[in-house]
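>>> model this:
(one chain, ligands or ions: 1)
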Amino acid sequence: MSGSTPMRSGKERAAELSEAEIAVHWREEGYFQPSSRFIGQANLSDPSVRERFSEAHFPECFREYADLLTWDHYWQTTLDSSKPPFYNWFVGGRLNVCYNCVDRHLPKHKNKAALIFVGEPEEDAPQSITYQELYVRVNEVAALLQEFAGLKTGDRVTIHMPMVPELPITMLACARLGVVHSVVFGGFSGESCGRRIADSGSQVLITTDGYYRSGKLLDHKANADLAVKTAAEEGQKVEKVLIWRRFPNGRSATSTPMVEGRDYVINDLLTKYRGRRVAPVSQPAEAPLFLMYTSGTTGRPKGCQHSSGGYLAYVAGTSKFVQDIHPEDVYWCLADIGWITGHSYIVYGPLALGATSVIYEGVPTFPDPGRPWRIAERLDVNIFHTSPTSIRMLRKVGPEEPAKYHYHFKHMTTVGEPIEPEAWKWYYHSVGKDEAVIVDTWWQTETGGFLCSTLPALDRMKPGSAGPGVPGIYPVILDENGQEVPPGSNKAGNICIRNPWPGLMQTIWRDPDRFVKQYFSRYNKDPKSKDWHDWPYFAGDGALLAPDGYYRILGRIDDVINVAGHRLGTKEIESACLTVPEVAEAAVVPVVDELRGRLPEVYVSLKPGVTASPSAIQEKVVHAIEVEIGKIARPRSVQIVSDMPKTRSGKIMRRVLAAISNTMDVGDVTTLANPDVVEQIRTAVQGKEKKAARSGPEDIKAFGQEH
Ligand code: WT7
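This next block holds a predicted model:
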């Protein structure tokens, strides 16, 4: 894409283009080629895959993915799309997900490591868990969940755990029984966990006593008490809290007391289940496997419900073809299992393929920025997967570190946020040593697996661009009116997927109407239509399509802030602020951060007569956010304002606040009810001297606009 449009004022632009079509200025990057060495060993190097997965062969193309699994009963219908946008894949099929990830590998790979756990303290040796050992431990836990906790097929259980091997063991034990797990990211607060327990209707909470993070042993059991309390306030009683020990030999990692008759240490209970085996429950393909809560435009997180057969087929297929995982590879994804990336591409995808998946407990830069490369060297990791935020951090604190260690990656992934070409190139040259192919995978909690990415042996790489749709995914960019934005037009729009695919979530737990409204209503013209073509999936991201068919993802167009690759709802953070009694109104906006992509910035106005000092209020607000959500949502700053900029109808203009926080043009504010407050806030945030406005990224420009 060559000619970029000259800069014009916001008003001029708005007159010519609809919001979703904001012109984007972007220097086109050159291509990088996968090495012939990589291509020679790749799972997918046959270009006919594009034809096999073309629309002419949809939905039957996904048979290839389903055939990576072992079915108890083979399915009859590839896709039932008679009730769009609710779809059933591999109808009539029965399988067990745990069997597919564990049991079926025993004949060939019994003695091979399934998981390698690397604890944060570097003096602790890595622990390998073979497929045989995984089989034994998963069975014992399944027996305990069934008999001691009374869990049955279809029940939900909430798991609030950090990155320890007992987390995937617990997930697989649930899958063995057909119990639906809802894993809550370990860094979320007890309150956050409690709200998810209540929404999912879990009577059992599974947790850990403590874990290491940045050299500190954190007391995690304390969160369980808060979670149970919050769940009870929301009407859900937790009958049992099952607690894993971080340390062997009975040493406890918590000083929080046990609650008699409610709290039990799993490690102690397990002695009764030694050697027990539980038959895997044969489940219909469409049986729910798990819920994963994610933030959206409203304050309440939504439970994305994922299926057994479709989901597992999709993550197995994409792990094989996009991640290029072979059973002999050592694969390390630095994400947390508490997010979708960890579910799909640490646990289910890699284990379905019989690979070795590394689990690292701590922060990548502990005790120094050479740590990841020492781990890679020691374990001989050859596939590495992380986020732009980790890449930026590792680059900032240790740009020369990778060269000091003898490891060789054949393949690397970046996921979760847009990556700047500069960071991409450091990843390629320094981390990948000019040897590894890179895939930039764009997808979401809702989508189960990858949507856009290059195919590692078939496509050239282009820094900063995710690439085309992966096999069987047909993306499209639509403008405000539902018209397709053509490739090479240099205009951004809303990226949608035209078709259903096996990894797509089934529904929002207990809220099918919200599922339809959130993801499909936007571009559906006939709500009665029974044809899937009428139901494009609306992803909520702005994107741009280059003439070569590569998509460049610009970021969220809704009230979601992507902090270090983690999705936070501004409404959730605002509700947390409102728990502070002195706060009258709160507005949260994203600000650009060099390392973490975006950070939340908080604006609050106070109730009349508040006497507390500004710093005391700021502390209270930050504390409230940490308690209600978790430390990941900590704002860059808390601005106390005399009044919020508002429309005449009283709506807070978050768009204006976002412009101020990011030193961007606030646009026309003359129609506001209180235009004077804008300049007041601007000087309070930016200082008296007027700074030159920057143009700013697309997601910030789109923030707070009506969509
Ligand atoms: C949002 C989804 C996908 C698993 C991790 C996050 C952003 C994701 C990319 C990418 C640019 C990306 C999008 C998306 N995103 N991958 N490769 N390039 N942006 O899952 O928490 O559901 O967040 O993350 O904005 O909508 P999530």
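
>>> so which strand or helix has the residue lying farthest from the centre of the chain?
Within the chain, the residue lying farthest from the chain centre (CA atoms, centre = their mean) is residue 609, at 42.3 Å. For residue 609, there is no enclosing helix or strand under DSSP states H and E.

>>> Within range of the ligand, give me the residues from the stretch 501-650 of the chain.
539-541, 553, 555-556, 562, 565, 567 (CB under 6 Å from any ligand atom). Quick note: C-beta positions are derived from backbone N, CA and C, even for glycine.

>>> distance between the ends of stretch 432-445?
27 Å (CA to CA, to the nearest Å).

>>> actually stretch 233-240, not the one I wrote
17 Å.

>>> what does stretch 591-599 give?
5 Å.

>>> try stretch 180-191
Termini of stretch 180-191 sit 21 Å apart (CA to CA).

>>> Just the mean pLDDT for that stretch, thanks.
In this model, stretch 180-191 carries a mean pLDDT of 97.

>>> How about the contacts made by the closest residue to the ligand within the stretch 151-300 of the chain?
Proximity to the ligand, evaluated over the stretch 151-300 of the chain using CB to the nearest ligand atom, is greatest for residue 294 at 5.2 Å. Neighbour list for residue 294: 301-302, 304, 340, 444-446, 567 [criterion: CB atoms under 8 Å, 6 or more residues apart in numbering].

>>> Can you pick out the ones from those residues that are in strands?
302, 304, 567 (DSSP state E).

>>> burial count for the first one?
By that I understand residue 302. Using other CB atoms under 10 Å, residue 302 has 26 neighbouring residues.

>>> Residues in a beta bridge with it, which ones?
Residue 302 forms beta bridges with residue 294, as assigned by DSSP bridges.

>>> Would you mind measuring from the closest residue to residue 148 other than its chain neighbours to residue 286?
Nearest residue to residue 148 in three dimensions, chain neighbours excluded: residue 269, at 5.9 Å (CB to CB, 6 or more residues apart in numbering). With distances taken as CB to CB, to the nearest Å, residue 269 is found 33 Å from residue 286.

>>> now swap in residue 408 and tell me
Distance from residue 408 to residue 286, by CB to CB: 42 Å.

>>> How about residue 178?
12 Å.

>>> Now find how far off-centre stretch 124-137 is within its chain.
When distances are taken as CA atoms, centre = their mean, to the nearest Å, stretch 124-137 is centred 26 Å away from the chain's centroid.

>>> Going by neighbour count, list what's buried in that stretch.
127-137 (16 or more other CB atoms under 10 Å).

>>> Of all pairs in these, which one spans the longest distance?
127 and 135 (16.3 Å; CB to CB).

>>> Residue 243 is in contact with residue 224, isn't it?
Yes: the pair residue 243 and residue 224 passes the contact test of CB atoms under 8 Å, sitting 7.2 Å apart.

>>> Between those two, which contacts overlap?
207, 263.

>>> Which helix or strand contains residue 389?
helix 388-397.

>>> how about the residues of the stretch 351-500 of the chain near the ligand?
Residues of the stretch 351-500 of the chain lying near the ligand (CB under 6 Å from any ligand atom): 415-418, 440-445, 466.

>>> Okay, and which of these map to strands?
Using DSSP E, those in strands are 415, 440-441.

>>> neighbour-wise, which of the residues you listed leads?
residue 440 (27 neighbours).

>>> beta partners for that residue?
As assigned using DSSP bridges, the partners bridged with residue 440 are residue 414.

>>> quick one: contacts for it?
By CB under 8 Å, 6+ apart, residue 440 lies in contact with 413-415, 419, 424, 453-454, 461, 464-467.

>>> Let's see that with 7 Å instead.
For residue 440, the contacting residues are 414, 419, 453, 465-467, by CB atoms under 7 Å, 6 or more residues apart in numbering.

>>> how close does it get to residue 262?
For residue 440, the distance to residue 262 - CB to CB - is 46 Å.

>>> now do residue 631
On the measure of CB to CB, residue 631 and residue 262 end up 27 Å apart.

>>> Centre of the chain to stretch 142-149, how far?
Per CA atoms, centre = their mean, the centroid offset for stretch 142-149 relative to its chain is 30 Å.

>>> Please report phi then psi for the residue farthest from the centre of the chain.
Torsion angles at residue 609 (phi, psi; degrees, to the nearest 10) stand at phi 80, psi 10.

>>> Out of the contacts of residue 440, list just those in helices.
Using DSSP state H, no member of the contacts of residue 440 sits in helices.

>>> from those, which is closest to residue 649?
residue 466 (38.9 Å).

>>> can you pull the contacts of the closest one?
So residue 466 contacts 440-442, 452-453, 551, 553 (CB under 7 Å, 6+ apart).
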